[in-house]
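Enquirer: Sequence first, predicted coordinates after that:
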Amino acid sequence: MSKTILSVRNLNKVYQDDKSVILENVNLDVEEREFLTILGPSGCGKTTLLRCIAGFEDYTGTVTTDGKVTKDPDVDRFMVFQDFNQLFPWKTVKKNIQYPLRIQGLKDKDELERIANETIASVGLKGYENYYPYQLSGGMKQRVAIAKALALKSKIILMDEPFAALDAMTRTRLQKELLNISKKTDCTFMFVTHNIQEAIILGTRILVFGDGGKILVDEKNPLAKPVSPSSEGYGEFWDRLHSALYQSDN
Amino acid sequence: MKKLLTLVLCLLFVLCGCSSASNEAKEETAEETKTETKKIAIAYQYGLAYAPVIIVKEKGLMEEAYKNLTGNELQVEWVQMSSGADINNGIASGEIDAGFMGIGPAMTGISKGLNYKVFTNISGQEHGMMSNDAAIASLGDLVGTENQIALVNIGSIQHIILAKALAENGYDAHALDANIVAMKHPDGMASLESGAVKCHLTSSPYIFYEHDNANLYEIKEVHEAWGQDKSFIVGIASTELNSDAELYQALCDSFVAAIDLINNNVNEAAALTCDFNGNTAEVEADYLQRGVYSTETNGLFEMLQFMQDNDFCDKNITSYSELVFDNVKGN
Amino acid sequence: MMNRKKALIAKALFLLAFVIIWEIVAKRNVFGSNSQIVFPTIETIAKAFVRNFKVGYAGISLWKYILNSMELLLIGLFLGIFLAFVFSAISMINPTFYEIYNMLVSICDLLPGVALLPVVIIIFGIHRSVIVFLVIHSVIWPMSRNLLDGFHSFPQIYIEAGMNIGLRGKSLLTGVYLPATTAYILSGLKVGWARAWRGLLSAEMIFGIASSPGIGLFINQMRTNLNNAEVYATLIVIIIIGVIVQYGIIDTIEKHTIKKWGMSK
């Protein structure tokens, strides 16, 4: 039995502007090295939950990361946004990856070089070390964002629909790469998506959220990796998730 | 590329053509005006020292004199300018036929070779330097200090008067050059009163205002160096204008008349000029009487020599007659 | 768009044509017998250019005037930019301060420095600090306006990305806010410098301190003495200084920052 890396208790989130309730009494435990995918209709609060865990939002309740209560943003919970602008345009690919390490106090030049080269290679961007973000495609930028998290050795990587703005081909390729990366690292992933297929392909555990962050489905992925639509049981699982999502829409 | 070159060449061509064409046009119109209404452009400045100019302008004395002499109409275009330097440039470019300015810029213009001379003296005025510090009573209290002296410009007549006062009292003429702060008369007066500068060297009417202020003290040497009996404002005319005998005569006659009016009927003169100088008629009449209005110059050549000896202008004029037209009396 | 070489040749040809036309007009004495005084030939202006530096006015070379002006300009620019950063940074922390400062910037940005001269002289006296004050005034408001706009308009995700990697307070300011607003800072610098340079020259032409003579005073003195060739030559000096700052300094900074980062507006 793996240990619990993240636990969310009695989390409530109310928007100050119109007092609308986004998340109501959410409780969730995530185990180490799990790849958790979260499906849900728009406005169900799945992104907000991620932002609360990352520390970007005010909320009531507690988030405990690796045994410590965490409230503010820190490197142990790294957020990969959907927005391609999350890289600093004034830094090269390599500097974008090294800068957070420097901030964390890593000064050794050789070590910085090694980590940067290793992570850049692991996301398939060898040769792009000295490119500036504006010279990269959207998919490449998202890879760099993932590389940042890997370099930082964040305990939890929070991914908020990181591939949603990519074209279908790039998206499929990145899903495959992310799957490979997740197998090799000790990181835990929380991956929010609209896309049922993406959730099945990536997740080891899949949640479906209803309104207010109500958990409608919480299942281990029964399908063996790598999953493709032709995998046995895929259709049945897809239908189940789809009907849960559809139900939540009403 | 070839297109560009042709374009540039065409441009050059057109421009050359234009400039020669405009020259011809000028000559043509000059001939035309000889037979019809005569036109003349005169530059002037405002102020008490220029009172005769205001009178000539307001009473139409010059147009009248020209009509009496020739029976023809004269159209005078009066152009207001803000400094002698501006008028010098106007004359140099041929836009202006005559003008009125301090003897400083007039001497500068003549020594620079501008083709004009003095056709009349206008006035001598009171000049003086006031201080807001009782401890400053003479030039000796200023030499070697960092006390600031406001005056209208470096190289202006006020600057030259300061230099002359220094020289006459045994100092180097340029001993206070580094103390000068250049600013217009009203700004200088405000700066003196607010304490922003220690001294202000100015001319009438500002010196009158400052005399009336009990908190200000006069440094007498300046007043003694160049008093109101000496030439201050002169009228200058281009040699071209001078060669038109009737027009020149009309110009000179009108100023004789205007200056006579100030000297013989100051109240009538004051009534004409007071509005332009922002005074009541009574105050204006008082101020007019404190100036010396005369067609005769006094000290013009002396001033020029001082300027030449102390690097205020080029050294190339050796006689009074190079400064004035034949009709001008004085020295 | 023309290619660069062609554009360069076109500009060079234009300048050449301008000089030739100038020379033709000057040589033809279009203003009559005194034409040389108001419209001197290129040669006369070139000689005056050299004379400005070698002889100057009343024994003081134009160098001294330039150095004085530049010294005051640099002090003012530095202080103005520094203050703009301080106040804009406080504005980001304190909303009340932001509201007041934002209003102040909007009001003062519209005030030409030269119009303030009478008031400033009463406060400072006739002193070099008046010029410094005017330069500060010229640069602080456009710079603040750009900083405030910049802070509010760069993608807010930079801030979250910065907080995510452990940046807080001061490190967030230097690590995210400043580089993210570089384009705005540079455009503030451009506007501020141009205004400061003009304001400085106008102020020096309105009042000249003989003990600290500036370029504006030099022009005034030359104009008073009917040395128009020297005036033209000084204008060329002013243009050269402007070109050096614009193309030598500001453009170089742009090339090495926002152009390189693909961030130019």
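Expert: Done, it's in.
Enquirer: Could you report the neighbour count for the one residue in the stretch 101-250 of chain C that gets nearest to chain A?
Expert: Of all residues in the stretch 101-250 of chain C, the one sitting closest to chain A is C:Ile165 (3.6 Å; C-beta to the nearest C-beta). Heads up, the C-betas are built off the backbone N, CA and C, glycines and all. By the criterion of other C-beta atoms under 10 Å in any protein chain shown, C:Ile165 has 25 neighbours.
Enquirer: count of neighbours near the closest residue to it other than its chain neighbours?
Expert: Using C-beta to C-beta, 6 or more residues apart in numbering or on different chains and skipping the chain neighbours, the partner closest in space to C:Ile165 is A:Pro100 (3.6 Å). Using other C-beta under 10 Å, A:Pro100 has 22 neighbouring residues.
Enquirer: and what of A:Lys148?
Expert: 28.
Enquirer: following the helix or strand encompassing it, which helix or strand shows up next?
Expert: A:Lys148 is part of helix A:138-152, with elements assigned from DSSP states H and E. As assigned by DSSP H and E, the chain's next helix or strand after helix A:138-152 is strand A:156-160.
Enquirer: Give me the contacts around the helix or strand just after that following strand.
Expert: As assigned by DSSP H and E, the chain's next helix or strand after strand A:156-160 is helix A:168-184. With contact meaning C-beta atoms under 8 Å, 6 or more residues apart in numbering or on different chains, helix A:168-184 is reached by A:35, A:122-124, A:137-139, A:142-143, A:146, A:150, A:162-163, A:166, A:189, A:198, A:201-202, A:225-226.
Enquirer: tilt between the helix or strand the residue nearest to C:Ile165 falls within and helix A:138-152?
Expert: Of the helices and strands defined by DSSP H and E, A:Pro100 is found in helix A:93-103. Angle, helix A:93-103 to helix A:138-152, by axes from the mean of the first three to the mean of the last three C-alpha atoms, to 10 degrees: 30 degrees.
Enquirer: Direction included, what does the strand or helix carrying A:Leu23 pair up with?
Expert: Element membership of A:Leu23, judged by DSSP H and E, is strand A:21-31. Paired neighbours of strand A:21-31 in the sheet (DSSP bridges): strand A:4-14 (antiparallel).
Enquirer: Report the angle between the strand it pairs with and strand A:156-160.
Expert: Put simply, strand A:4-14 runs at 40 degrees to strand A:156-160, going by the same axes, to 10 degrees.
Enquirer: Could you give the average pLDDT over strand A:4-14?
Expert: The average pLDDT for strand A:4-14 rounds to 90.
Enquirer: starting at the chain centroid, how far to that strand?
Expert: Strand A:4-14 sits 16 Å away from the centroid of its parent chain (C-alpha atoms, centre = their mean, to the nearest Å).
Enquirer: Could you do stretch A:234-249 as well?
Expert: From the chain centre to the centre of stretch A:234-249 is a distance of 22 Å (C-alpha atoms, centre = their mean).
Enquirer: what's near enough to touch the residue lying closest to B:Ala175 once chain neighbours are set aside?
Expert: Computed as C-beta to C-beta, 6+ apart, the closest residue to B:Ala175 that is not its neighbour in sequence is B:Val143, at 5.0 Å. Neighbour list for B:Val143: B:166, B:171, B:175-176 [criterion: C-beta under 8 Å, 6+ apart].
Enquirer: B:Val143: what secondary structure?
Expert: For B:Val143, the assignment made with DSSP: H, G, I helix; E, B strand; the rest coil gives coil.
Enquirer: how close does it get to chain A?
Expert: Going from B:Val143 to chain A by C-beta to the nearest C-beta, to the nearest Å gives 59 Å.
Enquirer: How about B:Asp286?
Expert: Following C-beta to the nearest C-beta, the distance that separates B:Asp286 from chain A is 73 Å.
Enquirer: From C:Asn225, how far off is that residue?
Expert: Look at B:Asp286 and C:Asn225: by C-beta to C-beta, to the nearest Å, they are 36 Å apart.
Enquirer: Settle it for me: which of the two has more neighbours?
Expert: Set B:Asp286 next to C:Asn225 and count neighbours by other C-beta under 10 Å: C:Asn225 wins out with 25 against 14.
Enquirer: Next, give phi and psi for the more buried one.
Expert: When quoted as degrees, to the nearest 10, the phi and psi of C:Asn225 stand at phi -90, psi 10.
Enquirer: dump the residue contacts of the spatially most central residue of chain A.
Expert: Taking C-alpha atoms, centre = their mean, the centroid of chain A lies closest to A:Met159, which sits 2.1 Å from it. Counting by C-beta under 8 Å, 6+ apart, A:Met159 touches A:79-80, A:189-192.
Enquirer: which strands and helices sit next to the helix ranked longest in chain C?
Expert: For chain C, the helix with the greatest residue count under DSSP state H is helix C:62-93. Helix C:62-93 sits against helix C:42-54, helix C:95-108, helix C:128-153, helix C:182-206, helix C:215-224, helix C:228-243, with contacts defined as 3 or more C-beta pairs under 8 Å, 6 or more residues apart in numbering or on different chains; DSSP states H and E.
Enquirer: doesn't C:Arg198 make contact with C:Leu73?
Expert: No: applying C-beta atoms under 8 Å, one finds C:Leu73 not in contact with C:Arg198, separated by 11.0 Å.
Enquirer: Report the beta-bridge partner residues of B:Gly124.
Expert: Counting by DSSP bridges, B:Gly124 is bridged to B:Val292.
Enquirer: Next one: it from A:Arg51, what distance?
Expert: Distance from B:Gly124 to A:Arg51, counting by C-beta to C-beta: 86 Å.
Enquirer: cool, and B:Asp260?
Expert: For B:Asp260, the distance to A:Arg51 - C-beta to C-beta - is 94 Å.
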